[in-house]
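> would you be able to build a 3D model of this:
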Amino acid sequence: MPSLIPPRGVFVPSPTFFLPSSPGSSHPAIDIPTQTAHSIHLARSGITGLVLLGSTGEATHLTATERFDLVSGVRAGLDAAGFSEYPIMAGVLTSGGIDETLAWLADYARAGAQWGLVLAPGYFGAAVGQAGLEAWYGEVAGRSALPVLVYNYPGVTNGVVVEPETYRRLAGREEIVGCKMSHGNVSHHVQVALDPEIDHERFRVYSGFGQQLGPIVAFGAAGVIDGMAAFFPKTVVRLMRLMETEPKTDEVWAEIRTLQYLVSRAEEFVVRHGVQGIRVAVFRLLGFGNLEGGRLPLRGSMTEGAWVTSRALFLADAEKKELSL
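Residues are numbered from 1 along each chain as shown. You can find the predicted model right below:
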């Protein structure tokens, strides 16, 4: 049976929500009801699908049982809310062992995810080489319980970069259905999205950065997996829909330029405050979660002053737009 292909659009790499810590504990329990409620909010806001337990979701801080419970809980909650078969990718962030990677994928398949977003093996950095990456992904994909996407995030993998020619070869495998590039090399996004030797109806290119949405979608990319959309989903969805509009009138292009500026400015908040910032914004703007942070070492929050300053500098205009949609 051919592999399921992820749809074009906007995916959100959701933060993992935790319950308030009990006295004397710094290891809070996962909060599946809040995770589900936030997921339903995103679905109702037009978000195409979710990435659970990716980098923003702190997958490496959870046990296998917790990861299974979270994905299966969200799947059940979405189904009950009328979003049956809503797209879910699940993050696979192992140290690179093939058996462990396959175990994560098997658990996610049982939990109800449709795809595994598999981080490039980066423990040995550049020593892996492009041939090693190709062979590793080929082995994982060939034995995986789910179709997989290549997740290239050099910032957390010792600088490992998947080169465009490697994507071309991996895209020829039926079990590999796309990639997420979490880096600023727009040229790589465009090269892979426009490569005439890749079947782009069965291999999707996503950026991890909403500030790149307009440029990369204009040249064939399928969309974004964007953390800022966790709290401004309608704004990012609106930009994506306009980028897919054909023909584009002068009025459409004017709105695209305005929205891309608002999105890019708001993305500066994520660049500067990271996972904790996303979590704070989701709580402050949408009311989901709390201000304790995640699990160690990502405990803690922004100061009140830092939030007020950053909100005014980066988020205020996009917030107005979000409320108008």
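
> show me where the stretch 51-200 of the chain dips below the pLDDT cut-off.
The model of the stretch 51-200 of the chain has no residue with pLDDT under 70.

> what are the buried residues along stretch 294-301?
Neighbour-count burial for stretch 294-301 flags Gly294, Arg295, Ser301 (criterion: 16 or more other CB atoms under 10 Å). In this view, the C-beta of every residue, glycine as well, is placed from N, C-alpha and C.

> number of nearby residues for Val270?
The local packing of Val270 (other CB atoms under 10 Å) involves 22 other residues.

> pretty sure it is touching Val280, no?
No. Because the distance of 10.8 Å does not satisfy CB atoms under 8 Å, Val270 is recorded as not touching Val280.

> still on that earlier bit, a markdown table for the buried residues of stretch 294-301, including secondary structure and pLDDT?
Converted to a markdown table, those look like this (DSSP: H, G, I helix; E, B strand; the rest coil; pLDDT from 0 to 100):
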| residue | secondary structure | pLDDT |
| --- | --- | --- |
| Gly294 | coil | 89 |
| Arg295 | coil | 92 |
| Ser301 | coil | 88 |
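
> is it true that Ile216 touches Val192?
No. Counting by CB under 8 Å, Ile216 stays clear of Val192, with 9.7 Å between them.

> give the residues shared as contacts by the two.
Val205 (CB atoms under 8 Å, 6 or more residues apart in numbering).

> wait, Val92 sits on Leu119?
Yes. With the criterion set as CB under 8 Å, Val92 and Leu119 qualify as a contacting pair; they are 6.3 Å apart.

> circling back to that earlier point, neighbour count for Ile216 and Val192, which is higher?
Neighbour comparison, Ile216 and Val192: the larger count goes to Val192, with 27 against 24 (by other CB under 10 Å).

> how about the contacts made by that one?
Val192 makes contact with Pro164, Tyr167, Arg168, Ala171, Cys179, Met181, Ile198, Val205 under the criterion CB under 8 Å, 6+ apart.

> need the buried residues of stretch 294-301 in CSV (columns: distance to Val160).
Below are those laid out as CSV (distance: CB to CB, whole Å):
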residue, distance to Val160
Gly294, 24
Arg295, 25
Ser301, 31
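
> which residues do Val92 and Leu119 both contact?
With contacts taken as CB under 8 Å, 6+ apart, the residues that reach both Val92 and Leu119 are Tyr151.

> next, give phi and psi for Gly91.
For Gly91, the backbone dihedrals (degrees, to the nearest 10) come out as phi -80, psi 140.

> pretty sure it is touching Asp107, no?
No. Under the criterion of CB under 8 Å, Gly91 makes no contact with Asp107, lying 12.0 Å away.

> look at these two and report which has more neighbours.
The neighbour count for Gly91 versus Asp107, taken as other CB under 10 Å, is higher for Gly91 (27 against 20).

> contact partners for the more buried one?
By CB under 8 Å, 6+ apart, Gly91 lies in contact with Pro13, Val51, Leu52, Leu53, Gly54, Ser55, Gly57, Ala59, Gly116, Leu117, Leu119, Tyr151.

> OK, contacts around the third one?
The neighbours of Leu52, taking CB under 8 Å, 6+ apart as the test, are Ser14, Thr16, Gln35, Leu70, Val71, Val74, Ile88, Met89, Ala90, Gly91, Ala113.

> just checking, the last one is part of a strand?
Going back to what we said before, that points to Ala113. No. Ala113: not assigned to a strand; according to DSSP: H, G, I helix; E, B strand; the rest coil it is coil.

> name the nearest of the buried residues of stretch 294-301 relative to Arg284.
Within the buried residues of stretch 294-301, the smallest distance to Arg284 is 10.0 Å, found for Ser301 (CB to CB).

> how about that closest one, nearest residue that isn't a chain neighbour?
When the adjacent residues along the chain are set aside, Ser301 lies closest to Leu291, with 4.4 Å between them (CB to CB, 6 or more residues apart in numbering).
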